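Novice: Sequence and predicted structure, then a few things I'm wondering about:
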Amino acid sequence: MDENLAQKAIAAALNSDWHQAITINKLIINEDNEDIDALNRLAHAYFENRDVSKDTKTSKTVLKLDSDNNIAKKSLERYKKNGPLGKQRKLDASSFMRYKGMAFIEEPGKTKLTALINLGSEKIYSCLNTGDEVFFNTHAHKISVTTINNKYIGKLTDDLSARLRLLIKDGNKYQITIKSVNKNIVKVFIKGDVLSFPLDMSESLGEFSS
């Protein structure tokens, strides 16, 4: 595999240049049609380009090569859950934004949008989609966020980690979802069943549009 092309593909994704990302990942796959990383990046780019049909087809190709690939599995599960939406070949802009926003319903005190710090490899987080479920990994003095394959993405800020470590220790559970991925910025949406976050009226709803 051409590592330079792979880096260009990752850079295109992080810059949200999805047409370029599609083009570069196709070049990589033309050289090696079993490059699973490139196929997953291509599926992600198709998703962001609102082409659900090609995204689904590409994810199915990944599973033919690696039946246990969790990235591809999660992509296909997402479409299955949303019924007819997943059957559309190409979503119009309003349908796409509604689809991407399904997991981000705010509940004051129970939800929190936050940017991760100390990010890990771009190769890992550039393959994440809006709506992907990720997971907490609790340590003695921090909480890191990982993929379904337990690959490190980043960590929570110290104050948020301290708050949530105590709540998790008491048995509370949280769902963590990728909100957005850009160059050097990964935002996650945290949702719990109990009041977990101070009500901060200064926290603008406009943050949820980014």
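Specialist: Cool, got the structure. Residues are numbered from 1 along each chain as shown.
Novice: after the worst-scoring helix or strand of the chain on mean pLDDT, next one along is what?
Specialist: Sorting the helices and strands of the chain by mean pLDDT, DSSP states H and E puts helix 93-100 at the bottom, at a mean of 55. Per DSSP states H and E, the first helix or strand lying C-terminal to helix 93-100 is strand 111-115.
Novice: From the contact counts, what lies against the helix or strand just after that next one?
Specialist: As assigned by DSSP H and E, the chain's next helix or strand after strand 111-115 is helix 122-125. If contacts are counted by 3 or more CB pairs under 8 Å, 6 or more residues apart in numbering; DSSP states H and E, helix 122-125 sits against helix 3-14, strand 152-155. Where C-beta positions appear, they are placed from N, C-alpha and C, glycine not excepted.
Novice: Let's see that with 10 Å instead.
Specialist: Contacts defined by 3 or more CB pairs under 10 Å, 6 or more residues apart in numbering; DSSP states H and E place helix 122-125 against helix 3-14, helix 36-48, strand 152-155, strand 174-182, strand 185-192.
Novice: quick one: contacts for residue 151?
Specialist: 120, 121, 123, 124, 125, 127, 134 (CB atoms under 10 Å, 6 or more residues apart in numbering).
Novice: what about 7 Å?
Specialist: residue 124 (CB atoms under 7 Å, 6 or more residues apart in numbering).
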